[in-house]
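[1] take this sequence and fold it.
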Amino acid sequence: MLSTLRIELRRAPARWWVPVMVAVGVVWLFARSGDWSKVWPQAAAAAQATTVFLAPMAAAAAAIGTGRRHQPGFSELTAHAPQPFWYQHLTQLMASLIYAVSAFLAVTGMALSAPLSAGVPAGQLWGSYVILGTITMVAGTALGHWAGLLLAGPAAPAVSAVAIFIVLGVIPSDSPYNFTVISGSPEFRLNPSALAIRAVIAGALVLIAVSWPRTRVRWGYLAVAPSLGITAAVLATTAMGPVGFPQITRPPGQSPLCSTTSPQVCLWPENRAYLAQTAQTAQKVAAAADGVLTLPTRFYESGLRHTPEGQPPGFSLRAGTYGIVGDMVNEMLPRPPACDRAFTDQQISQYATAHENLSTWLFTRATGKQATLDDTSEEIVRVLKQPEPEQTAWARAQVTALKGMKCPV
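    Numbering: from 1, shown residues only. Alright, predicted model coming up:
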């Protein structure tokens, strides 16, 4: 088999696609937001996300490779080959897979070099994202090989590439039928069941591509091996819905990484690169609320602790500094009463106005953002121009209005 595989490697069209695939993957990788470059799981997930472009290219390359079987005289040439037809398919598909997966791993290596070059301590690689990306590349290549057997001419690479791109890039990112994830936030991890289902689909496509008969398939009849492959692919695809999105929430109770500042800030350990910056943001929020609201002793990143229903889950790093400030401010504000239906529309409107005013005032002070009438109310612009004591008195009045709305006994 090795000698046959070497021959296929030398003549596979995919060998010319590898540099292009690596270039496309690297350009897309470093053209997106740079937040992933400081966190190991984010880097692995970013590399996996490049399969949105690499898998369609791998499918097209594999389809072009199998297209030669439609050339005149090819069937007669291979009919008397000493190896069975599935062996010929297998070695050709293996050659395409080697090039496709190698291109993906090269891009992955570039992605994982970013945390190292940024000085981030070596941590969890989260290889599950690399496995998911590899599964996607295998599935795309196998589908392209199969399409090349079914269709002649340029239709095969075009159909296979478009089909893979629709599955990876057009299906909503939160769909349970997606093969990719767009973020590797430590708050989430890959669901082993979802990963296994996608591996079954990829394996089924490989089985179909390798065992597909060389002669035209008669209606109502198909050999056992491709029939099993199709059945497995359909069943696995059906199971994707109940299993859900590939990512699931990590359980709370992990040992958080906390700052020594006051108030403390606690992050997932994988996000240690953002600890100093987030702690500084928390101090600005605390300074903005000083004398107005009771400060928590700790701010927790989302997912690190169990929170009662209706309580803020913590702050998220995904929206940047402004998002962190907004989450922290929201956590400090008084919670609305659970019996909101017991109040009149006017009372609810007054509560909402006081909540919005106080939230905007705190956010503007904590971020240092210039308040204008374009993005805030005239009252907030007026209050922010007043001396500090007057601002504090106004803010305390908003807090009193929020806390004064209580459920009737």
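[2] mind listing the helices for the stretch 1-150 of the chain?
    2-11, 14-31, 40-49, 51-66, 74-79, 85-117, 127-150 (DSSP state H, counting those that start in this stretch).
[3] same check on the stretch 151-300 of the chain?
    Counting by DSSP H, counting those that start in this stretch, the helices of the stretch 151-300 of the chain are 155-165, 192-211, 224-243, 275-289.
[4] and the first one, how far out from the chain's middle?
    Between the mean C-alpha location of helix 155-165 and the chain-wide mean there is a distance of 23 Å, by Cα atoms, centre = their mean, to the nearest Å.
[5] equivalent analysis for stretch 283-295, please.
    Distance, centroid of stretch 283-295 to centroid of chain: 34 Å (Cα atoms, centre = their mean).
[6] ok, stretch 297-306 next?
    Stretch 297-306 sits 22 Å away from the centroid of its parent chain (Cα atoms, centre = their mean).
[7] tell me the mean pLDDT for that stretch?
    Stretch 297-306 carries an average pLDDT of 88.
[8] point out where the stretch 251-400 of the chain drops to low pLDDT.
    Applying pLDDT under 70 to the stretch 251-400 of the chain flags the ranges 253-254, 308-311, 340-342, 371-376.
[9] before we move on, the earlier item: in TSV, list the helices of the stretch 151-300 of the chain along with distance to residue 382 and mean neighbour count.
    Using the backbone N, CA and C atoms, a C-beta is placed for each residue, glycine as well. Converted to TSV, the helices of the stretch 151-300 of the chain look like this (distance: least, Cβ to Cβ, whole Å; neighbours: other Cβ atoms under 10 Å):
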stretch	distance to residue 382	mean neighbour count
helix 155-165	53	20
helix 192-211	53	20
helix 224-243	53	15
helix 275-289	18	19
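[10] including distance to residue 406, could those go into CSV?
    Output for the helices of the stretch 151-300 of the chain, formatted as CSV (distance: least, Cβ to Cβ, whole Å):
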stretch, distance to residue 406
helix 155-165, 55
helix 192-211, 45
helix 224-243, 44
helix 275-289, 22
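[11] relative to residue 134, which of those helices is closest?
    Closest approach to residue 134 among the helices of the stretch 151-300 of the chain (Cβ to Cβ): helix 192-211, 8.8 Å.
[12] between the closest one and helix 51-66, how many degrees?
    Computed by axes from the mean of the first three to the mean of the last three Cα atoms, to 10 degrees, the angle separating helix 192-211 from helix 51-66 equals 10 degrees.
[13] helix 192-211 packs against which elements?
    helix 85-117, helix 127-150, helix 224-243 (3 or more Cβ pairs under 8 Å, 6 or more residues apart in numbering; DSSP states H and E).
[14] which one of those helices is the most hemmed in?
    Highest mean neighbour count of these: helix 127-150, a mean of 25 (counted as mean count of other Cβ atoms under 10 Å).
[15] can you tell which of the helices and strands packed on helix 192-211 is closest to residue 302?
    In terms of Cβ to Cβ, the element of the helices and strands packed on helix 192-211 nearest to residue 302 is helix 127-150, at 19.8 Å.
[16] adding mean pLDDT and distance to residue 6, write the helices and strands packed on helix 192-211 out as TSV.
    Listed next are the helices and strands packed on helix 192-211 as TSV, based on pLDDT from 0 to 100; distance: least, Cβ to Cβ, whole Å:
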stretch	mean pLDDT	distance to residue 6
helix 85-117	87	9
helix 127-150	92	19
helix 224-243	90	26
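[17] what's the closest of those helices to residue 202?
    Among these, the nearest to residue 202 by Cβ to Cβ is helix 127-150 (4.0 Å).
[18] give me the distance from that closest one to the chain's centre.
    The mean C-alpha position of helix 127-150 is separated from the chain mean by 18 Å, Cα atoms, centre = their mean.
[19] what's the angle from that helix to helix 14-31?
    Using the same axes, to 10 degrees: helix 127-150 against helix 14-31 is 140 degrees.
[20] mind starting the numbering at 20 from now?
    Got it, first residue is 20 now, which makes that one helix 146-169.
[21] export helix 146-169 as PDB, just CAs?
    Coordinates of each C-alpha in helix 146-169 appear next as PDB, following Å, rounded to 0.1, in the frame of the first residue of the first chain:
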ATOM      1  CA  GLY A 146      -7.000  19.400  21.900                       C
ATOM      2  CA  SER A 147     -10.700  18.700  21.500                       C
ATOM      3  CA  TYR A 148     -10.900  21.800  19.200                       C
ATOM      4  CA  VAL A 149      -8.000  20.400  17.100                       C
ATOM      5  CA  ILE A 150      -9.800  17.100  16.900                       C
ATOM      6  CA  LEU A 151     -13.100  18.800  15.800                       C
ATOM      7  CA  GLY A 152     -11.200  20.700  13.100                       C
ATOM      8  CA  THR A 153      -9.500  17.400  11.900                       C
ATOM      9  CA  ILE A 154     -12.900  15.700  11.800                       C
ATOM     10  CA  THR A 155     -14.300  18.500   9.700                       C
ATOM     11  CA  MET A 156     -11.400  18.300   7.200                       C
ATOM     12  CA  VAL A 157     -11.900  14.500   6.900                       C
ATOM     13  CA  ALA A 158     -15.600  14.900   6.300                       C
ATOM     14  CA  GLY A 159     -15.100  17.600   3.700                       C
ATOM     15  CA  THR A 160     -12.400  15.700   1.800                       C
ATOM     16  CA  ALA A 161     -14.500  12.500   1.800                       C
ATOM     17  CA  LEU A 162     -17.500  14.300   0.600                       C
ATOM     18  CA  GLY A 163     -15.500  15.800  -2.200                       C
ATOM     19  CA  HIS A 164     -14.100  12.400  -3.200                       C
ATOM     20  CA  TRP A 165     -17.600  11.000  -3.300                       C
ATOM     21  CA  ALA A 166     -18.800  13.900  -5.400                       C
ATOM     22  CA  GLY A 167     -16.000  13.300  -7.900                       C
ATOM     23  CA  LEU A 168     -17.300   9.700  -8.300                       C
ATOM     24  CA  LEU A 169     -20.800  10.800  -8.900                       C
END
